[in-house]
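# Sequence unavailable; structure follows:
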């Protein structure tokens with residue numbers, strides 16, 4: 001799962017990741033608050049990558065609570081940083 005408020009960067013990162021890794025399914029979320037869909041996706045995802053420079057405190061804190069801090073933070077705000085997160 002990729003989380004950012006930059007929907008364009010999310011879409012580009014999703015396309016790159018799914019084209020690079022056969023069988024990978026990426027879910028993009030850009031919720032501004034802790035929604036049911038954000039919570040459900042975070043609970044079921046194998047990996048959650050957060051662009052913390054392009055996120056809200058409310059959503060980021062919800063993700064931290066759901067994942068018990070097990071999040072990967074992207075270094076920047078663009079799509080290339082989502083692919084390099086780690």
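Cool, got the structure. The structure presented is a predicted model; accordingly, all values stated were derived computationally and were not measured.
# so what secondary structure elements neighbour the longest helix along the chain?
Ranked by residue count and defined by DSSP state H, the top helix of the chain is helix 7-20. Contact partners of helix 7-20 among helices and strands, from 3 or more C-beta pairs under 8 Å, 6 or more residues apart in numbering; DSSP states H and E: strand 2-3, strand 28-29, helix 79-84. Quick note: C-beta positions are derived from backbone N, CA and C, even for glycine.
# Counting neighbours, which bits of stretch 12-28 end up buried?
By 16 or more other C-beta atoms under 10 Å, the buried positions in stretch 12-28 come out as 12, 13, 14, 17, 26, 27, 28.
# Counting neighbours, what do you get for residue 66?
Residue 66 has 19 neighbouring residues, counting by other C-beta atoms under 10 Å.
# So which of the buried residues of stretch 12-28 is the closest to residue 48?
Of all those, residue 48 sits closest to residue 27, with 9.7 Å by C-beta to C-beta.
# is it true that that closest one touches residue 40?
No. If you go by C-beta atoms under 8 Å, residue 27 and residue 40 don't touch, sitting 9.9 Å apart.
# Lowest average confidence across the helices and strands packed on helix 7-20, which one?
Mean pLDDT values for the helices and strands packed on helix 7-20 show the minimum at helix 79-84, a mean of 48.
# what's the nearest residue to residue 1 if we skip its chain neighbours?
With sequence-adjacent residues excluded and distances taken as C-beta to C-beta, 6 or more residues apart in numbering, residue 1 is closest to residue 45, at 3.9 Å.
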